[in-house]
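Trainee: Got a sequence here, can you model it:
(one chain, ligands or ions: 1)
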Amino acid sequence: MTDHATGKVFAVDDLKAWYGESQALHGMNFDLGEGELVTLIGRNGAGKTTTLRSIMGIVKNRTGSIRFNGEDLINKRTFQIARAGIAYCPEERDIFSALTVSENLSLPPVLRPGGISDKDLLAQFPNLERRKGSMGTKLSGGEQQMLAIARILRTGSRFLLLDEPSEGLAPVVVKEIGQQLLKLKALGYTILLVEQNLRFAKSVADRHVLVENGRVVDVMTTDALEADMARVKSYLGV
Ligand SMILES: Nc1ncnc2c1ncn2[C@@H]1O[C@H](COP(=O)(O)OP(=O)(O)OP(=O)(O)O)[C@@H](O)[C@H]1O
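Mentor: Next up, the predicted model:
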């Protein structure tokens, strides 16, 4: 369901967030259309992870508005935000090392209709099917990342927040992750992706939100980003 006023399924407006006395977000504004894949790009410490954690209500000290499906989530708690249909895959991946792939997959609760069954998840992620009896500790970084993404699809959420899924992975594995994200996009999922790997970001996303010091400094389509890489690299400090 899109917001009548904005035509967007998700929008943050003037989002500010604090860790104790220290302000990390200074008024973030951006939105996503239904089925869109948008990245948050910026250098280390710019506030990308804090944005995802604020959306999920994990960073609780936050103000502004976070509208999803026409509802403001700013005063909601994390479990309510998850139930509203937003799923978060943290950078740490949080795979349970003493559980098998199948057990890890079956852990998240089904929160909404439309969640993908374990059987269908294994069909969608063939490398997890091959490793379904393996313990979490035995998985490669790429397998762990696939599992972390697959696992949240069980919940039925149609809006995914993914924090740097490409981090620390070999290019061939990053490519596989990209293919999975494009598949999810084709299935109509809306995805907000934190990403430092520009090549990867360009290969999957429709638009890019450039973040600096807890603020949005630019929003660019992938074509605009391609055409002005110097500007983007200056934000990233590379
Ligand atoms: N738990 C925390 N306590 C206090 N300050 C924090 C905490 N987590 C992050 N910060 C600060 O908030 C700011 C934004 O950090 P954040 O992790 O959101 O940036 P980022 O863009 O995701 O960078 P990175 O890619 O390094 O994770 C930084 O100044 C960081 O030092």
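Trainee: Show me where this structure has its strands.
Mentor: Along the chain, the segments classed as strands by DSSP state E run 10-19, 22-32, 37-41, 62-68, 71-72, 86-89, 159-163, 190-194, 207-212, 215-221.
Trainee: Just list what the helix ranked longest in the chain packs against, helices and strands only.
Mentor: Once the chain is assigned using DSSP state H, the helix that runs over the most residues is helix 171-186. Using 3 or more Cβ pairs under 8 Å, 6 or more residues apart in numbering; DSSP states H and E as the contact criterion, the neighbours of helix 171-186 among helices and strands are helix 141-153, strand 190-194, helix 198-204. (Each C-beta comes from the backbone N, C-alpha and C, glycine too.)
Trainee: That one vs strand 37-41, what angle?
Mentor: Orientation of helix 171-186 against strand 37-41 (axes from the mean of the first three to the mean of the last three Cα atoms, to 10 degrees) gives an angle of 130 degrees.
Trainee: so who does residue 189 touch?
Mentor: With contact taken as Cβ atoms under 8 Å, 6 or more residues apart in numbering, residue 189 is in contact with 35, 158, 159, 160.
Trainee: what residues does the lowest-mean-pLDDT helix or strand in the chain touch?
Mentor: Each helix and strand of the chain was given a mean pLDDT (mean pLDDT, DSSP states H and E); the minimum falls on helix 229-236 at a mean of 83. Helix 229-236 is touched from outside by 41, 42, 43, 196, 198, 208, 210, 212, 217, 218, 220, 225, with contacts defined as Cβ under 8 Å, 6+ apart.
Trainee: Wait, the first one touches residue 209, no?
Mentor: Spelled out, that is residue 41. Yes - in this structure, residue 41 sits in contact with residue 209. The criterion is Cβ atoms under 8 Å, and the distance is 7.0 Å.
Trainee: what does the chain put close to the ligand?
Mentor: Taking Cβ under 6 Å from any ligand atom as the measure of proximity, the chain contacts the ligand at 19, 22, 24, 42, 44, 45, 46, 47, 48, 49, 50.
Trainee: Tell me how many other residues surround the closest residue to residue 133 other than its chain neighbours.
Mentor: With Cβ to Cβ, 6 or more residues apart in numbering as the measure, residue 100 is the residue that lies nearest to residue 133, at 5.5 Å, once sequence neighbours are left out. The number of residues packed near residue 100 is 17, by other Cβ atoms under 10 Å.
Trainee: Who is residue 100 paired with across the strands?
Mentor: residue 135 (DSSP bridges).
Trainee: got the contact list for it?
Mentor: Contact analysis of residue 100 by Cβ under 8 Å, 6+ apart lists 132, 133, 134, 135, 136.
Trainee: quick one on the thing from earlier: might you specify the subset of the residues of the chain next to the ligand located within helices?
Mentor: The subset of the residues of the chain next to the ligand located in helices under the criterion DSSP H comprises 48, 49, 50.
Trainee: which of those residues tops the neighbour count?
Mentor: For these, the largest number of neighbours (other Cβ under 10 Å) sits with residue 48, at 26 neighbours.
Trainee: mind listing what that one touches?
Mentor: For residue 48, the contact set (Cβ under 8 Å, 6+ apart) comprises 40, 41, 42, 163, 194, 211.
Trainee: ok, 7 Å please
Mentor: By Cβ atoms under 7 Å, 6 or more residues apart in numbering, the residues touching residue 48 are 40, 42, 194, 211.
Trainee: what about the nearest residue to the second one once chain neighbours are set aside, how many residues close to it?
Mentor: Distances taken as Cβ to Cβ, 6+ apart put residue 211 closest to residue 42, at 3.6 Å, once the chain neighbours are dropped. For residue 211, the count of nearby residues is 25 (other Cβ under 10 Å).
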